[in-house]
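> Just to be clear, the model below is a prediction. Sequence and coordinates:
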Amino acid sequence: MALLEIKNLHAEIDGKEILKGIDLSINAGEVHAIMGPNGSGKSTLCHVLGGRDGYEVTKGSITFDGHDLLEMETEERAIAGLLLGFQHPVEIPGVKNIYLLKEALNAKREAQGLDEIDTFSFMKQVRELVASMDMDDAFLHRGVNAGFSGGEKKRNEILQMLLLEPKLALLDETDSGLDIDALKVVSDGINRMRGEERGIILVTHYQRLLNYVEPDFVHVLYKGKIIKSGDKSLAHRLEAEGYQEILEEAS
Amino acid sequence: MKRTGLPDWLSDALPEQAAAPNEIAQAARSQVESIGLPGLRDEEWRWTNLRAIQRGRFNAPSGVGADIEPGTRLPLDNPVRLRFVDGVFQGVPDDVPEGVTLTALADADETTRAAAFSPKPAPSVDNPNDALVTLNTAMAREGVVVDVAANTVVERPIVIEWLDGATESVMSHPRVLVRLGQSAAATLLEHIETVGEQPAWRNSVIVSTIAANAALTHIALGLDGESRLTTARTFAELDRDARYHSYNIQLGGRMIRREYDIHVGGSGAHTDLIGLMMPRGKQLLDTHTRITHAAADTTSNEHYRTIADDAGRGVFKGRILIEEDAQRIEAYQSSNNLLLSDNAEIDAKPELEIYADDVSCSHGATIGRLDQEALFYLRTRGVPLAEARGLLIAGFAQEVIDELPLTDLRDWLTGQVEQRLGERSLPADSDA
């Protein structure tokens, strides 16, 4: 059974249909890239998967790890192992990173029937991850994303993923706005997440990220539908020929 | 409009002999009898109704309750305690730090008492908006004078314990004078606590003068308590290079009105006014601040936050006046407010009055609900809705708490806020 199974998904916001019949199947161990021009529905797909208010699914189904995803609250999806990496991570001054990491990890552990993590092992694990993302320990005691640069915010997203070890990581434009050093650190983090038991979806506008994280499958999203799927060579074609060629071919 | 004057029970309570020098007391007395208490028609009182006081029929303290102790222990390092039970001063402690002189107001000489009743900026004795100070001047018999000698840095916090409500329907009008000599530094902390179930009204005034290069840190910490009615006013007069740092934390009370008048009167002087008010139930927590930049090259920084829950009401009005000759001023004010329920109310008003031309001044006021983006973000990390709300509310308060200078007190307050959030009846609000 696939880890994520999306069937004929239609979704609208404010009465306007954005997703117009998406079919997508993702297995554990696979990395999928979803590419598409602006306005194709990439972010809407991410928000629908995350369970954000204001998006109405009018048709279709989403099954995640055997659960009906659309019946689950946002936090239940996260605890079940679906983690969303934000295109624009939200700044939450006053809530320290370290608190969020601990709350999130303990919420997951509680669902698994485990005790709260002891502070010593928690801090050890977190410090190692912070170092691996080329970040400073001081960041742990700053407000979540508060005053962070674009690159720091994206590193923080990956850091959370590495700690929370999702079954499916859904990364919405994690590469946009990153300079090359930050891109390397972020890509390295994503590559470390790759594994037999985990699925990864990279939603991206640019092909550049895929030079650092090689996808197993590439899908082209256009006007709310996946119009073409292929292997990583499809991404290279998009880069070389642009969307227009592919769009014409698909129609 | 004809004013109604003082209610009879209050008029009857005016003493023959007050602590203020006779001339000052007499003037105050005759004025307050005619202007009475402030009402909703008075500009500074339009959001705060004193009906509970008008109708209260409060009595002067009887001197009962000398053995009353505060119920809450604050984590303070060897504090100097100045205890007031229902406004009655319980005496000067034995162990006073070097360079500090403590005198009961009644024992102070005439010059000192005159200083205690002549704050700068001077309130006008016939202005209804200032009627409560005038009333205090007419009524005050209890109080204390804190003198810190020049070049003395007092490490121990000087704590005024206002223990209100020990006896039934009691009112008090205490007056405190704090004087810091040149280059002195001290921390004054008001520990405000309701010690009984009885309604009590305290109308207190603190007058402080901060000499050149001296620094006064003034923390006002009002603990929760349903029955407390407070009208409190603080005056601070700053000389050259003086600093006045105010932290006003109000966690409850039935009706709490605090006013700060800061006269930044010497060049190089600076004031910070930091505040956090958390009304819930049917509480009304109100702070009015007025900063006067009367000298060039002075700065002020003001940051107030209110979190209103249930049918709680928060009021903040911050006035900044920059006088004509006060050039090169930097004055910043922000007021951020969080409504947690449909029945809560917050009124926030900045007021700038600028007569100088070389001024850098900014203000901003926001009133909103919990940030839905932030709530969603936390939930996508697996944090349940109720906890996510709690994190955001605590985080909003924490940004003010983090500005407090005493680390132990900061941690204690963080704990208090967390405890209160745990007591929230969920789901009371509609911001899900």
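Yes, it's here. Numbering: from 1, shown residues only, chains lettered A, B, ... in the order given.
> can you tell me how far B:Gln138 sits from chain A?
Residue B:138: Ala, not Gln. 44 Å (C-beta to the nearest C-beta, to the nearest Å). Bear in mind the C-beta positions are built from the backbone N, C-alpha and C, glycine included.
> How about the contacts made by that residue?
Taking C-beta atoms under 8 Å, 6 or more residues apart in numbering or on different chains, we find B:Ala138 in contact with B:14-15, B:18, B:20, B:25, B:28-29, B:32.
> pLDDT wise, what is it at?
Turning to B:Ala138, the model gives it a pLDDT of 96.
> Look up how far B:Ser30 lies from it.
Taking C-beta to C-beta, to the nearest Å as the measure, B:Ala138 falls 9 Å from B:Ser30.
> what does B:Ala331 give?
Distance, B:Ala331 to B:Ser30, by C-beta to C-beta: 37 Å.
> Who has more neighbours out of those two?
More neighbours sit around B:Ala331 than around the other of B:Ala331 and B:Ser30, counting by other C-beta atoms under 10 Å in any protein chain shown; the figures are 24 against 15.
> so where does that one fall, helix or strand?
With elements taken from DSSP states H and E, the one containing B:Ala331 is strand B:329-339.
> number of nearby residues for residue 202?
Here I'm looking at chain A. Other residues lying near A:Leu202 total 24 when counted by other C-beta under 10 Å.
> Switch to chain B, please.
A count of nearby residues for B:Arg202, using other C-beta under 10 Å, gives 24.
> returning to what we had before: which of the contacts of B:Ala138 has the most neighbours?
Across the contacts of B:Ala138, neighbour numbers were computed from other C-beta under 10 Å; B:Val32 holds the maximum, 28 neighbours.
> and A:Leu162, that one's in a strand?
No. Going by DSSP: H, G, I helix; E, B strand; the rest coil, the assignment for A:Leu162 is helix, not a strand.
> Next secondary structure after the strand holding B:Ala331?
Next along the chain from strand B:329-339, counting by DSSP H and E, comes strand B:345-354.
> Just want the angle from the helix or strand following that following strand to strand B:329-339.
Downstream of strand B:345-354, the next assigned helix or strand under DSSP H and E is strand B:359-368. The directions of strand B:359-368 and strand B:329-339 differ by 0 degrees, with axes from the mean of the first three to the mean of the last three C-alpha atoms, to 10 degrees as the criterion.
> separation between A:His236 and chain B?
Distance from A:His236 to chain B, by C-beta to the nearest C-beta: 32 Å.
> OK, contacts around that residue?
Residues A:Gln207 are the ones in contact with A:His236 under the rule C-beta under 8 Å, 6+ apart.
> what's the average pLDDT for the helix or strand containing it?
In this assignment (DSSP H and E), A:His236 forms part of helix A:232-241. Along helix A:232-241, the predicted local confidence has a mean pLDDT of 88.
> Now it: buried residues?
A:232, A:234-235, A:237-238 (16 or more other C-beta atoms under 10 Å in any protein chain shown).
> where does B:Gln419 fall, helix, sheet strand or coil?
What three-state DSSP gives for B:Gln419 is helix.
> coming back round to it: got the angle for the next helix or strand after the helix holding A:His236 vs helix A:232-241?
Beyond helix A:232-241 on the C-terminal side, the first helix or strand identified by DSSP H and E is helix A:243-250. With the same axes, to 10 degrees as the criterion, the two stretches helix A:243-250 and helix A:232-241 enclose an angle of 120 degrees.
> same for helix A:243-250, what does it pack against?
The criterion is 3 or more C-beta pairs under 8 Å, 6 or more residues apart in numbering or on different chains; DSSP states H and E, and the helices and strands that helix A:243-250 contacts are strand A:217-222, strand A:225-230, helix A:232-241.
> Pull up the pairing partners for the first one, direction included.
The pairing partners recorded for strand A:217-222 under DSSP bridges are strand A:31-35 (parallel), strand A:225-230 (antiparallel).
> now it: how far from the chain's centre is it?
Here strand A:217-222 is found 15 Å from its chain centre; the criterion is C-alpha atoms, centre = their mean, to the nearest Å.
> in which helix or strand would I find A:Ala169?
Under the assignment given by DSSP H and E, the secondary-structure element containing A:Ala169 is strand A:168-172.
> Give me the helices and strands touching that strand, please.
For strand A:168-172, the helices and strands in contact under the criterion 3+ C-beta pairs under 8 Å, 6+ apart are helix A:42-50, strand A:82-85, helix A:180-193, strand A:199-204.
> Packed most tightly, which of those would that be?
Most buried of the helices and strands packed on strand A:168-172 by mean neighbour count (mean count of other C-beta atoms under 10 Å in any protein chain shown) is strand A:82-85; its value is a mean of 27.
> On the C-terminal side of it, identify the next helix or strand.
Scanning forward in sequence from strand A:82-85 by DSSP H and E, the next helix or strand is strand A:92-96.
> From the chain's centroid, how far away is that next one?
Worked out by C-alpha atoms, centre = their mean, strand A:92-96 lies 22 Å from the chain centre.
> swap in stretch B:310-329?
Its chain's C-alpha centre and that of stretch B:310-329 lie 14 Å apart, by C-alpha atoms, centre = their mean.
> The strand holding A:Ala169 vs strand A:199-204, what angle?
Computed with the same axes, to 10 degrees, the direction of strand A:168-172 lies at 0 degrees from that of strand A:199-204.
> How about residues contacting stretch A:107-116?
Counting by C-beta under 8 Å, 6+ apart, the neighbours of stretch A:107-116 from elsewhere in the structure are A:75, A:78-79, A:106, A:117, A:164, B:381-384, B:387.
> Quick check: the farthest pair among the residues you listed?
Taking C-beta to C-beta as the measure, the contacts of stretch A:107-116 span a maximum distance of 18.2 Å, between A:Glu75 and A:Ile117.
> so what's the closest residue to chain A within chain B scoring on pLDDT?
Across chain B, the shortest distance to chain A (C-beta to the nearest C-beta) belongs to B:Gly395, at 2.9 Å. Note for B:Gly395: predicted pLDDT of 94.
> Could you double-check that it lies in contact with A:Val95?
Yes. Taking C-beta atoms under 8 Å as the contact criterion, B:Gly395 and A:Val95 are neighbours in contact, 3.8 Å apart.
> Turn the helices and strands packed on helix A:243-250 into CSV, columns for distance to A:His10.
Putting the helices and strands packed on helix A:243-250 into CSV (distance: least, C-beta to C-beta, whole Å) gives the following:
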stretch, distance to A:His10
strand A:217-222, 14
strand A:225-230, 10
helix A:232-241, 25
